[in-house]
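# Everything below, folded, please.
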Amino acid sequence: MEKEKTKKPDQVVFNEETNSYEAGIKPYATNVGAPAIAMEDVTTWKNANVKKVNHHFKTQFEAIKASYQEMMDQFEYNNLIYRAKFSFEPVVGEQYHLYANKGEEPFLSIIAPSECNFKHLGSFKLTTDKLWERTDSPVRK
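Just a heads-up that it's a prediction; the model follows:
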């Protein structure tokens, strides 16, 4: 008959595969009097940080959205100016004024809005990149 294996008590940390006591090598306390292992509640930490992260992304999104809107506005008035009628070659750095004639067709002029009776659409300067930069405040619709 084989020698009967005796079951060790629950409080004894014994590995039957290696046939050795392992209480001393465990990363946690193993005796009955050891403090209970309790998981920390990280819900408050998570909630506070989720709020911060969401604020960060919302702020970034708003900045990108504003930058996009500014770029689209610049694209629209550059497109409008390049489609407008004018019979001169604009000089970089000089100010020009965009008007709409009676037929609502845009045209570019060097005449200031105070000296003209046409509908003023905006004042612009040509940059070295050949982009039109608005020099007056746009009227929002």
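# Could you pull up phi and psi at Gly103?
phi -90, psi 10 (degrees, to the nearest 10).
# What about it, how many residues nearby?
Using other C-beta atoms under 10 Å, Gly103 has 5 other residues around it. Every C-beta, even on glycine, is put in place using the N, C-alpha and C of the backbone.
# okay, it: pLDDT?
Per-residue confidence (pLDDT) for Gly103: 90.
# check contacts around it.
Taking C-beta atoms under 8 Å, 6 or more residues apart in numbering as the definition of contact, Gly103 has no neighbours.
# That one and Asn15, how far apart?
According to C-beta to C-beta, to the nearest Å, Gly103 stands 94 Å off from Asn15.
# got it, and Lys7?
14 Å.
# shared neighbours, these two?
By C-beta under 8 Å, 6+ apart, no residue touches both Lys7 and Asn15.
# could you point out which element follows the helix or strand of the chain with the lowest mean pLDDT?
Within the chain, no helix or strand scores below strand 14-15, which has a mean of 76 by mean pLDDT, DSSP states H and E. Using DSSP states H and E, the next helix or strand after strand 14-15 towards the C-terminus is strand 20-21.
# list the helices and strands that following strand packs on?
In terms of contacts (3 or more C-beta pairs under 8 Å, 6 or more residues apart in numbering; DSSP states H and E), strand 20-21 is packed against strand 14-15.
# who touches the strand it packs on?
If you take C-beta under 8 Å, 6+ apart as the criterion, strand 14-15 is touched by 8, 20-22.
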